[in-house]
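>>> Structure, please.
(chains A and B)
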Amino acid sequence: MSKRYKTAGPDIVHEKFGDDLVVLNLASGQYFGLNTTGATLWEALIAGHSAAQIGADADTSTTAQAFADHLQNLNLIEIDESVADGAAYTQISLNEVPVIEVYDDLADLIVADPIHDVDAEAGWPKAPAEQS
Amino acid sequence: MTQPQLKVSPETLIADIAAVFEQCETVFETANHTRHYTVADRTFTAMSDIAPYLNAVDVAVASDEPPTGTGARIFIGVAGQNGCPALHWDAPYFEERRIEALLKPTRYRMHYFHPLNYWQIFDRQTSTGLQIMTGPDQHPAWDLGSPLRNFFQWELASYGGALIHAGTLSVAKKGVLLAGAGGSGKSGTVLSGMLSGLQTIGDDYVYVMPKSLQAYPLFNTLKQDSAGLKRLGLLGHKALPTRTNWQNKYQFYINDLGLTPQPKSISLHALLLPTIAQSSKTTTVEISAKQAFLALAPSGVSQIPGDRAQLYAAAAEVSRNLPCFQLNLGTDPREVSNAIRQFIEEI
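Residues are numbered from 1 along each chain as shown, chains lettered A, B, ... in the order given. Next up is the predicted model:
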């Protein structure tokens, strides 16, 4: 059975910039920049379409599934057992490799959570020395 | 009289917060000092028995308009004094994001800084806020640079805008946002611009309506290290305090620089990301909204608890709606300011 996905809870938010996309995990503080292909796949996957549905050919489906696995490993999407088979997605062909850029440097700023992690001398949002 | 200690627990959070507000209802009537601030056309009434704290708020908050309507009311008190309860976080950890998520669908917002047992709680339905400290000066070191900041966000979020962590420069109420992490040159660029005749509504936080792209001042505070002040010829200026703040920066105020009054609002026409380029001439290079967003959003989202998703969305909308540029800063402050003036006038 083809796997369907949804965003991994309310901590995962995203914004579109032209053809690109930025996903933020509010819980971890990590940002993820997706290129045009990545954004296209993201939108199709979180709309509940399986990798098999997305691909116009076997290679595209394979790429889409690998991308979905990557997103799942990054805790950005999770399998949605509740989605039934729906109308087929307009199948796409990929002109470039989907890319996810991970911005970890921001996590220290956002996470500091629980706030016991905050440096009591320097204060928010500076993380304590042993973590920075 | 001994004041009660109220427990606040993640398991019973909503009921506990409601109980805190119920307990605190009388403190608004008995507070000895009341101040009104008009921020982004909304009135904030601060009540407290701590006159020095309110004096510091007076200096830092950008407000010289008469109050308009009742607006929001905020009590700033010391736990255990004059009817103000002591609060106790009744859990091993305070998980900021978990609490934010719990409160998101509710009328409440809160911030808790555990090392000082410092609380800020807000009821969006009644526009009522409580800031409870363990002593008159037991606030985080950075608090007085942007006092009541969280309350401003929590209240003003209802009016279509959001606090944006950025500086501004403007000419005739036509302006630009300057965004970037610490060390990017943002504050120095704003200060240099002011000294060269440009205007500002703030160098750290401003309130922005992402759709109309109108921006409003929140704070008069400026911060600069001694090297930056020296570069701008401001070392020894009477506006400077004798001691630096927790960041080893001098914290001072726009109104003390003896400049012409700053605007009450500006229209935004671009988002600039200053970069110290060490070049002889200041230049601009157009960048994508995505690049600009990645510079604009993180620090603001991280520094204002309670509304992270909304702040993220607002920063995205601002980035999409404005042309975005990297600003490669030259080495001569006057040249930088002239370049920005020309940029604003031409855009």
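>>> tell me the SS of residue B:269?
Following DSSP: H, G, I helix; E, B strand; the rest coil, we place residue B:269 in the strand state.
>>> The one 5 residues further on now?
For residue B:274, the secondary-structure state derived from three-state DSSP is strand.
>>> The one 4 residues further on now?
Three-state assignment for residue B:278 (three-state DSSP): strand.
>>> What count of nearby residues applies to the nearest residue to it once chain neighbours are set aside?
Nearest-residue entry for residue B:278: residue B:331, 6.1 Å, with adjacent residues in sequence omitted and distances by Cβ to Cβ, 6 or more residues apart in numbering or on different chains. From N, CA and C alone the C-beta is placed, and that goes for glycine too. Neighbourhood size, residue B:331 [other Cβ atoms under 10 Å in any protein chain shown]: 14.
>>> Give me the distance between residue B:331 and residue B:179.
Distance, residue B:331 to residue B:179, by Cβ to Cβ, to the nearest Å: 21 Å.
>>> which other helices and strands contact the host helix or strand of residue B:169?
Element membership of residue B:169, judged by DSSP states H and E, is strand B:167-171. The elements that strand B:167-171 packs onto, with contact taken as 3 or more Cβ pairs under 8 Å, 6 or more residues apart in numbering or on different chains; DSSP states H and E, are strand B:174-178, helix B:186-195, strand B:266-279, helix B:333-346.
>>> I'd like the next helix or strand past the second one.
Moving toward the C-terminus from helix B:186-195, the next helix or strand (DSSP H and E) is strand B:205-209.
>>> for the third one, same thing?
Later in the chain than strand B:266-279, the nearest helix or strand by DSSP H and E is strand B:283-287.
>>> Which residues does that next one contact?
Contacts with strand B:283-287, where a contact means Cβ atoms under 8 Å, 6 or more residues apart in numbering or on different chains, come from B:272-273, B:277, B:323-328, B:339, B:343.
>>> how about that strand: buried residues?
By neighbour count on 16 or more other Cβ atoms under 10 Å in any protein chain shown, the buried set for strand B:283-287 is B:284, B:287.
>>> got the domain boundaries for chain B?
Following automatic domain parsing, one gets these domains for chain B: B:5-159, B:162-346.
>>> Would you confirm that residue B:130 contacts residue B:20?
Yes. With contact defined as Cβ atoms under 8 Å, residue B:130 reaches residue B:20; the gap is 6.7 Å.
>>> which residues touch residue A:19?
A:36, A:39-40.
>>> so where's chain A uncertain?
With pLDDT under 70 as the threshold, chain A has low-confidence stretches at A:1, A:83-90, A:105-132.
>>> Over the host helix or strand of residue B:29, what's the mean pLDDT, rounded is fine.
Assigned by DSSP H and E, residue B:29 belongs to helix B:27-30. Per-region confidence: helix B:27-30 scores 92 on mean pLDDT.
>>> Then stretch B:112-127?
Computed over stretch B:112-127, the average pLDDT equals 96.
>>> How about it, which residues are buried there?
Residues B:112-114, B:116-124, B:127 are the ones in stretch B:112-127 that count as buried (16+ other Cβ under 10 Å).
>>> Show residues contacting that stretch.
When contacts are defined by Cβ under 8 Å, 6+ apart, stretch B:112-127 is touched by residues A:114-116, A:118, A:120, A:124, B:17, B:20-21, B:71-73, B:79, B:87, B:89, B:94, B:99, B:107-111, B:128-134, B:138-140, B:150-151, B:154-155, B:157-158, B:306.
>>> how about 6 Å then?
Under the contact criterion Cβ atoms under 6 Å, 6 or more residues apart in numbering or on different chains, stretch B:112-127 has outside partners A:115, A:120, B:17, B:21, B:72, B:87, B:94, B:107-111, B:129-134, B:138-140, B:150-151, B:154-155.
>>> swap in stretch B:62-75?
Contacts to stretch B:62-75, defined as Cβ under 6 Å, 6+ apart, come from residues B:27-28, B:36-39, B:42-47, B:127-130, B:151, B:155, B:217-220.
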